[in-house]
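Q: what's the 3D shape of this:
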Amino acid sequence: MEGASVKTTPEGKEDSISRGRRMLPEAITLGELLIDFVSIEKDVSLTDLPDFTGAAGGAPANVAVGLARLGVSAGFIGKIGKDPFGEFLRRVLDGEGVDIELLRVSEGARTTLAFVATRSDGRKDICFYRNPGADTLLTAEEVNATYLKSARLFHFGSVSLSRSPAREATIHAAAVARGAGLLVSYDPNWRPTLWPDEREGKGRIWEAMALADVVHCAAEEWEFITGTHDLEGGARKILEAGPRLVVVTLGERGCYYDDGETRGEVAGFAVDVIDPLGAGDAFVAAMLSQLMYAPKDRRMAGEQLREVMTYANAAGALTCTRRGVMPALPTGAQLEEFLGSRGG
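A: Next up is the predicted model:
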């Protein structure tokens, strides 16, 4: 797809801080890393106790792997338990080429688990096992500011805001990244079972908005987060809080984008859907792989933004054609081949 990528080959790595021969990552994500037990059959409730298949998960971790698959040097900050699930997750990220120097291990808490019942419409029912989960115990002191400041991009979500001390660690990291001039991306996922009540959840989610440059929301969470069905009206509310770009994924319809001056919908790609879980994370990774190399002090032209969104839509669509999240995340070559086959 000619012109779809703002930058296809990362530059400036010679300016990165290095530790020995290893270069610090250009993109860093922070948050939950857990085991997803996903129902094999769609449209079956968790109360029916369906059969499950286990896989590595957690939205920020998925985004880190998605970025690595697209050729971006990526790192992940989070916490796992000292248990077989934690060891499995550590090996998965390491095997994907994600830097795990700041992947911490809790001696006392177990790795978080999530049971997910998928639905044909892309929505999902999730039950988390966290009492507490190791991911909630990441502290601000365990976030290395030098590590963060060496990057171009920092991405986080709202799940890590639901409990202390991970809440404070997340806000601290985002503030450091913002102050250092990184592109800061935020994905306010709404997982009601993780919060004491809706009022606190919405309040915490909105407190973090001012730290972000780019905000991504899924359509099913839009009304709760913004208080309206209207895409333009909700986007205006978020932009007024400080971000510069709002993107809403609309499932098979594609996505909506709004930077306060240009806005619109970009059509998605029709594919044979096997598993929609993780399509949003694939979209975010592909979008950020393009935005992170654009100058922060210049607004993208509308056509350029549309090309970025088309690229991201393709990543989301491709992910739906395979089961699992991390195993389904596409490489850059796969995306280019897909887009080429669609006339992009």
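Q: what's the average pLDDT for whichever helix or strand Trp222 is part of?
A: If you go by DSSP states H and E, Trp222 is part of helix 219-226. Throughout helix 219-226, pLDDT has a mean value of 95.
Q: show me how far it is from its chain's centre.
A: Distance of helix 219-226 from the chain centroid (CA atoms, centre = their mean, to the nearest Å) equals 17 Å.
Q: and that helix, what does it pack against?
A: Packed against helix 219-226 by the contact rule (3 or more CB pairs under 8 Å, 6 or more residues apart in numbering; DSSP states H and E) you find helix 198-207, helix 231-240, strand 245-249. For the C-beta atoms, the positions are set from N, CA and C on the backbone; glycine is no exception.
Q: paired strands for the shortest one, with orientation please.
A: Translated: strand 245-249. Each strand that pairs with strand 245-249, with its direction, by DSSP bridges: strand 214-218 (parallel), strand 255-258 (antiparallel).
Q: in CSV: these, plus distance to Ala173 and mean neighbour count.
A: Listed next are these as CSV, based on distance: least, CB to CB, whole Å; neighbours: other CB atoms under 10 Å:
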stretch, distance to Ala173, mean neighbour count
strand 214-218, 16, 24
strand 255-258, 26, 23
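Q: as a markdown table, these with distance to Ala166 would be great.
A: As requested, those are exported to a markdown table (distance: least, CB to CB, whole Å):
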| stretch | distance to Ala166 |
| --- | --- |
| strand 214-218 | 20 |
| strand 255-258 | 29 |
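Q: Gly278: which of those is closest?
A: Evaluated with CB to CB, these place strand 214-218 nearest to Gly278, the distance being 11.7 Å.
Q: residues in contact with that closest one?
A: 183-189, 209, 225-226, 238, 243-249, 280, 283-284, 287-288, 291 (CB atoms under 8 Å, 6 or more residues apart in numbering).
Q: what's the angle between the helix holding Trp222 and helix 231-240?
A: Counting by axes from the mean of the first three to the mean of the last three CA atoms, to 10 degrees, helix 219-226 lies at 50 degrees to helix 231-240.
Q: just the C-alphas of helix 219-226, formatted as CSV.
A: Extracted C-alpha coordinates of helix 219-226, given in CSV (Å, rounded to 0.1, in the frame of the first residue of the first chain):
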residue,chain,number,x,y,z
ALA,A,219,-17.0,0.8,20.2
GLU,A,220,-18.6,-1.3,22.9
GLU,A,221,-16.9,0.8,25.6
TRP,A,222,-17.5,4.2,23.9
GLU,A,223,-20.8,5.1,25.6
PHE,A,224,-19.7,4.2,29.1
ILE,A,225,-16.4,6.2,28.8
THR,A,226,-17.8,9.3,27.0
